[in-house]
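Q: Build me a structure from this.
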Amino acid sequence: MRRTILTLAAALTAAPLFASAAQAAAPSVIACGWEGRVIVESRPTNCRLSWPNLPNASSVTMQALRWSGWGGPVATATGRERYRTYEPWHPLTARASRRVRCEDKLYYTRVRVTFSSGRSHTWRTPTCREF
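A: Numbering: from 1, shown residues only. Model prediction:
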């Protein structure tokens with residue numbers, strides 16, 4: 001009887017550890033694209049932010065992204081952007097945050113982009129419930 005109680009106590013003590021491990025094992029992703037064409041990716045190298053149905057003036061296409069801290073509460077990236085195809089590329093930094101669980105993934109729901117001019121803008125990105 002004593003062995004059963006000790007085994008049960010050990011199992012109950014370890015249960016929160018397994019729950020934390022399961023949450024940590026959920027892949028972190030971000031939804032790139034626009035309404036009607038959303039691509040859910042982990043560590044995207046290219047990502048267009050224009051959700052929800054914003055005009056082009058409120059969107060950004062990021063390329064050559066290199067992420068650090070991916071899978072944590074905040075992930076940061078460096079990359080490049082340009083608004084028009086005939087313009088030169090400009091460097092940028094991006095900061096993804098506010099992960100929300102949706103089905104079996106953790107979605108980054110905010111991306112703050114800082115442009116080479118020093119200005120920045122924050123986009124809200126969708127989760128699986130929105131597309």
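
Q: What sits closest to C47 if chain neighbours are left out?
A: Nearest non-adjacent residue to C47, counting by C-beta to C-beta, 6 or more residues apart in numbering: C32, 3.8 Å away. C-beta coordinates here come from the backbone N, C-alpha and C atoms, glycine included.

Q: Which of the helices or strands spans the one you found?
A: strand 28-34 (DSSP states H and E).

Q: low-confidence ranges in the protein?
A: Along the chain, the parts satisfying pLDDT under 70 run over 1-24, 35, 51-57, 131.

Q: Looking at it, which strand is longest?
A: In the chain, with assignment by DSSP state E, the single longest strand is strand 90-102.

Q: Next, the angle strand 28-34 makes with it.
A: Note on geometry: by axes from the mean of the first three to the mean of the last three C-alpha atoms, to 10 degrees, strand 90-102 and strand 28-34 are set 120 degrees apart in direction.

Q: any residues touching the strand holding C32, and which ones?
A: Residues outside strand 28-34 that contact it (C-beta atoms under 8 Å, 6 or more residues apart in numbering) are 38-42, 44, 46-51, 53-54, 59, 70-72, 75, 96, 99, 105-108, 111, 125-127, 131.
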